[in-house]
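Engineer: this is the structure alone, sequence omitted:
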């Protein structure tokens with residue numbers, strides 16, 4: 001079963017928000033999903049899953065914590081769940097590097113800002129190194145925290161920048177700046193369970209696209 005790794009070399013990109021919303025949508029459509037929270041300093045995804053279990057009306061998202069070399073942990077979980085979604089620290093880490101050696105797809109959240117885009121060349125190097133051990137590893141960039149106003153040019157500029165890195169194709173879906181992403185977190189919900197908002201459609205399109213790449 002697929003291992004989805006959500007990671008980047010920079011914090012603040014919406015990595016954990018992406019992780020929990022992917023997991024919530026997979027659970028909503030009937031998949032048996034587990035989040036592996038590999039951030040030993042801030043266990044946000046693990047806490048979210050713990051809050052979620054308090055609401056019996058929500059489909060279960062399992063969760064565990066794992067740090068250090070997580071390769072064997074992920075290989076074991078892959079045999080027991082239909083999807084393993086891995087949230088690693090927002091920097092270059094042992095957790096990210098070892099997860100890359102067994103992941104099927106790495107999703108790299110990136111905001112449409114130059115500071116975030118500047119991490120892409122380094123990510124290409126890490127991915128190519130990991131592919132020596134794990135040839136099946138695919139990687140995709142996901143634009144997050146995209147401005148919603150119609151005159152915004154940041155998204156187009158980011159797309160143009162990423163075209164120079166075909167090793168990390170850009171996911172068509174994008175997650176925009178929407179209050180519902182923040183509001184759904186305390187209750188352990190994903191935006192797909194919050195309302196019929198544009199954010200719900202964004203996540204559903206994202207998950208369908210992820211599944212098409214696996």
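Structural biologist: It's in. Remember, predicted model here, so these are calculated numbers, not experimental data.
Engineer: next helix or strand past the helix or strand of the chain with the lowest mean pLDDT?
Structural biologist: In the chain, the helix or strand scored least confidently by mean pLDDT, DSSP states H and E is helix 154-162, which has a mean of 90. Later in the chain than helix 154-162, the nearest helix or strand by DSSP states H and E is strand 170-176.
Engineer: in the next helix or strand after that next one, what's buried?
Structural biologist: Next helix or strand after strand 170-176 toward the C-terminus (DSSP H and E): helix 179-183. Neighbour-count burial for helix 179-183 flags 180-181 (criterion: 16 or more other CB atoms under 10 Å). For the C-beta atoms, the positions are set from N, CA and C on the backbone; glycine is no exception.
Engineer: swap in stretch 32-51?
Structural biologist: Neighbour-count burial for stretch 32-51 flags 33-39, 43-49 (criterion: 16+ other CB under 10 Å).
Engineer: let's see which of those end up in helices.
Structural biologist: If you go by DSSP state H, these have 44-49 in helices.
Engineer: any idea which of these is closest to residue 105?
Structural biologist: Distance to residue 105, by CB to CB, is smallest for residue 45 among those, at 17.3 Å.
Engineer: residues of the least confident helix or strand of the chain that come out buried?
Structural biologist: Using 16+ other CB under 10 Å as the test for burial, helix 154-162 gives 158, 161-162.
Engineer: list the helices and strands it packs on?
Structural biologist: With contacts taken as 3 or more CB pairs under 8 Å, 6 or more residues apart in numbering; DSSP states H and E, helix 154-162 sits against helix 114-117, strand 138-146, strand 170-176.
Engineer: any chance of a markdown table for those, columns distance to residue 21, mean pLDDT and mean neighbour count?
Structural biologist: As requested, the helices and strands packed on helix 154-162 are arranged in a markdown table below (distance: least, CB to CB, whole Å; pLDDT from 0 to 100; neighbours: other CB atoms under 10 Å):
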| stretch | distance to residue 21 | mean pLDDT | mean neighbour count |
| --- | --- | --- | --- |
| helix 114-117 | 19 | 93 | 16 |
| strand 138-146 | 10 | 97 | 21 |
| strand 170-176 | 8 | 95 | 18 |
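Engineer: which one of those lies nearest to residue 78?
Structural biologist: Nearest to residue 78 among the helices and strands packed on helix 154-162 is strand 138-146; the distance by CB to CB comes to 15.7 Å.
Engineer: pull the longest helix from this structure.
Structural biologist: helix 198-213.
Engineer: contact partners of that one?
Structural biologist: With contact meaning CB atoms under 8 Å, 6 or more residues apart in numbering, helix 198-213 is reached by 4, 21-22, 24-26, 29, 105, 107, 138, 140, 142, 171-176, 178, 180-181, 190-192, 194.
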